[in-house]
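Novice: What follows is a predicted structure for the sequence shown.
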Amino acid sequence: MTPEDIGALISTIGLLTQAGGAVLMLVLFSVLLRANQRRPYFAYWTRGWAALVAALAGVGILYLLPVLPTGDPTPIVRAAGVIYQVGKLLFIAYLVGGTLNYLLGLDPLRFRRVALPSALGFALVTSLIPGLDLNYVMLMQAPVVVAAFGACSLLFLRLPRSRATLGSRAIGVVFGSIAGLWALYGVALAMVKIYGVAGVARPLNFVLQYNSYFDLLAQMLLGFGMVVVLLEDARREADDARAQLAVAHDHLRRVSLYDPLTGALNRRAYDEGVGLEAVGARFGTALVMDMDNLKSINDTYGHAAGDDLLRRTVETLRKSVRPLDRVYRLGGDEFLVLFPAARVEDVMPRIRAALREANEALDAGERERLAIEASMGAADFGGLEDLPAAVHRADQAMYEEKARNRAVAPARVPVA
């Protein structure tokens, strides 16, 4: 084989390899697009790979079909040149459009109205100029590729730190590398086609001879960088969804642990140990309180009045306890108050005094309806392990006091 035949074989293998890589990228992007149709930038990048496949198909036709003996291209060859130029410029346009949409939120409709007609018009005009071969077409593409991909590189690499990611940096570097590579193509092709230099410098000649392989490597890196960007974007949305779910879960958990009427912790909170952190290794007092007059208030004034009485009771307890103390509504008219680092002899007088002062603050008209009448019992505990037994003892003491209160207090007669 002559050196020319070897060079032609190398170019053909390079073209087929590059086309195969572009097809694989198109398949990969098409599959990913089905699950990411809400991302316009990725749809544009996918269309860009489709345009590149079409462009490389046009190059394949140019390699396979010879020109006429007169040197003029056949209609099929000319059509292949149009396909290559149109496909390549659409590839550039779609990649730029996707980049602008991802980075700046550019409206896809506005892009289609301006960029795509411009790319098509430039491609058709330049590809139909008489006497243009593939090298001339590439030479005319070089400034467009350098300007477009160079701008994309700058946009990605100048992202603020909060937006810069591994994928964005990788794409920025690859876009810049492609722009630099095509600048070399442009210099080498200009030396050959415009200035008529028979042999270009050895490095430039190497770049021209193996340009398909360089393009393939750059396209693979660019495609995988775009996939990384997509995955990072999807991960951010997933992280945000998990964060929103966590907030909703915390809200639902809070709702499930608090009594909606009084705002006090409920029995479920006590059973799950919520609010017991302050008890920890401390001693303390458990106080159980049961309201004596809630049923009669409900029967006499209605359940709205009973709800007011429950809310007032919790408000009174909260005003008389410390920040580390906990108030639970165990259900109905029964309450539990935990006092870490406190003793029964300190707690009981303080709570009784608070209830008495709250009742004395009522005027005559409110006293019948909002006065707090309650029975209480309290017991000391030595630690968290002893708490259930202390609550049981306090509950028994409360019932003993309730029995005494019933023995001395007259029955409340409902108002007709």
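Specialist: Looks like it came in fine. Numbering: from 1, shown residues only.
Novice: Closest to the mean position in the protein, which residue would that be?
Specialist: With distances taken as Cα atoms, centre = their mean, the residue of the chain nearest its centroid is Glu237 (2.3 Å).
Novice: I'd guess it is in a strand, am I close?
Specialist: No - counting by DSSP: H, G, I helix; E, B strand; the rest coil, Glu237 is not part of a strand but helix.
Novice: what's the distance between it and Ala371?
Specialist: Applying Cβ to Cβ, to the nearest Å, the value for Glu237 to Ala371 is 57 Å. Any C-beta I mention is one placed from the backbone N, CA and C, and that applies to glycine too.
Novice: same check, this time on Leu116
Specialist: Leu116 sits 80 Å away from Ala371, going by Cβ to Cβ.
Novice: what about Glu345, how many neighbours?
Specialist: Neighbour count for Glu345, taken as other Cβ atoms under 10 Å: 10.
Novice: do the one 10 residues further on as well
Specialist: When counting by other Cβ under 10 Å, one arrives at 19 neighbours for Leu355.
Novice: Helix or strand: which one has it?
Specialist: Secondary-structure assignment from DSSP states H and E places Leu355 in helix 344-360.
Novice: Can you get me a residue count around Gly331?
Specialist: Gly331, neighbours per other Cβ under 10 Å, totals 10.
Novice: ok, and the closest non-adjacent residue to it?
Specialist: Arg267 (5.7 Å; Cβ to Cβ, 6 or more residues apart in numbering).
Novice: Tell me the confidence at Val82?
Specialist: Val82 is assigned 80 on the pLDDT scale.
Novice: hang on, it packs against Ala123?
Specialist: Yes - between Val82 and Ala123 a contact is recorded at 7.4 Å, counting by Cβ atoms under 8 Å.
Novice: So which of those two has more stuff around it?
Specialist: Taking neighbours as other Cβ under 10 Å, Val82 and Ala123 compare with Ala123 leading, 27 against 17.
Novice: how about the residue nearest to Gly331, what does it touch?
Specialist: Tyr328, Arg329, Leu330, Gly331 (Cβ atoms under 8 Å, 6 or more residues apart in numbering).
Novice: In ChimeraX, select just the buried ones from those.
Specialist: This is how ChimeraX selects the buried members of the contacts of Arg267, with burial counted by 16 or more other Cβ atoms under 10 Å:
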select :328,329,330
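Novice: can I get the contacts of Arg267 in JSON lines with distance to Glu272?
Specialist: Shown next, in JSON lines, are those (distance: Cβ to Cβ, whole Å):
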{"residue": "Tyr328", "distance to Glu272": "11"}
{"residue": "Arg329", "distance to Glu272": "15"}
{"residue": "Leu330", "distance to Glu272": "14"}
{"residue": "Gly331", "distance to Glu272": "15"}
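Novice: Please enumerate the strands of the stretch 101-250 of the chain.
Specialist: In the stretch 101-250 of the chain, no strands are defined using DSSP state E, counting those that start in this stretch.
Novice: in it, what spans have low per-residue confidence?
Specialist: Within the stretch 101-250 of the chain, the stretches with pLDDT under 70 are 127-128, 130-134, 192-205.
Novice: try it again with 90
Specialist: Where the stretch 101-250 of the chain drops to pLDDT under 90, the residues are 105-141, 162, 184-215, 237, 247-250.
Novice: can you give me the helices for it?
Specialist: 108-127, 134-157, 166-189, 202-209, 211-257 (DSSP state H, counting those that start in this stretch).
Novice: List the buried residues in stretch 386-394.
Specialist: For stretch 386-394, by 16+ other Cβ under 10 Å, it's Asp386, Leu387, Ala390, Val391, Arg393, Ala394.
Novice: Kindly indicate which of those lies nearest Trp49.
Specialist: Proximity of the buried residues of stretch 386-394 to Trp49 (Cβ to Cβ) peaks at Leu387, which lies at 66.5 Å.
Novice: tell me the contacts of that closest one?
Specialist: Leu276, Val279, Ala286, Leu338, Phe381.
Novice: Now the first one: which helix or strand?
Specialist: Assigned by DSSP H and E, Leu276 belongs to neither a helix nor a strand.
Novice: Report how many residues lie close to it.
Specialist: The number of residues near Leu276, taken as other Cβ under 10 Å, comes to 16.
Novice: so what's it up against?
Specialist: Tyr270, Arg326, Leu338, Leu384, Leu387.
Novice: so which of the residues you listed is the most crowded?
Specialist: Most neighbours among the contacts of Leu276, by other Cβ under 10 Å: Leu338, with 26 neighbours.
Novice: Roughly how far does the residue lying closest to that one once chain neighbours are set aside sit from Tyr270?
Specialist: Spatial nearest neighbour of Leu338, chain neighbours left out: Arg326 (4.7 Å); criterion: Cβ to Cβ, 6+ apart. In this view, Arg326 and Tyr270 are 8 Å apart by Cβ to Cβ.
Novice: With Gly280 instead?
Specialist: Gly280 is 15 Å from Tyr270, by Cβ to Cβ.
Novice: Could you do Gln141 as well?
Specialist: 75 Å.
Novice: try Phe214
Specialist: For Phe214 relative to Tyr270 (Cβ to Cβ), the value is 71 Å.
Novice: repeat for Pro143
Specialist: 75 Å.
Novice: So for Gly87, which of the helices of the stretch 101-250 of the chain sits nearest?
Specialist: helix 108-127 (8.2 Å).
Novice: chain center to the closest one: distance?
Specialist: Using Cα atoms, centre = their mean, to the nearest Å, the mean C-alpha position of helix 108-127 is found 34 Å from that of the whole chain.
Novice: cool, and stretch 251-267?
Specialist: Computed by Cα atoms, centre = their mean, the chain-centroid distance of stretch 251-267 equals 30 Å.
Novice: which residues of the stretch 301-416 of the chain fall in helices?
Specialist: So, for the stretch 301-416 of the chain - with DSSP H, counting those that start in this stretch - the helices run 303-320, 344-360, 364-370, 387-408.
Novice: now those in CSV, with mean pLDDT?
Specialist: Shown next, in CSV, are the helices of the stretch 301-416 of the chain (pLDDT from 0 to 100):
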stretch, mean pLDDT
helix 303-320, 94
helix 344-360, 95
helix 364-370, 84
helix 387-408, 93
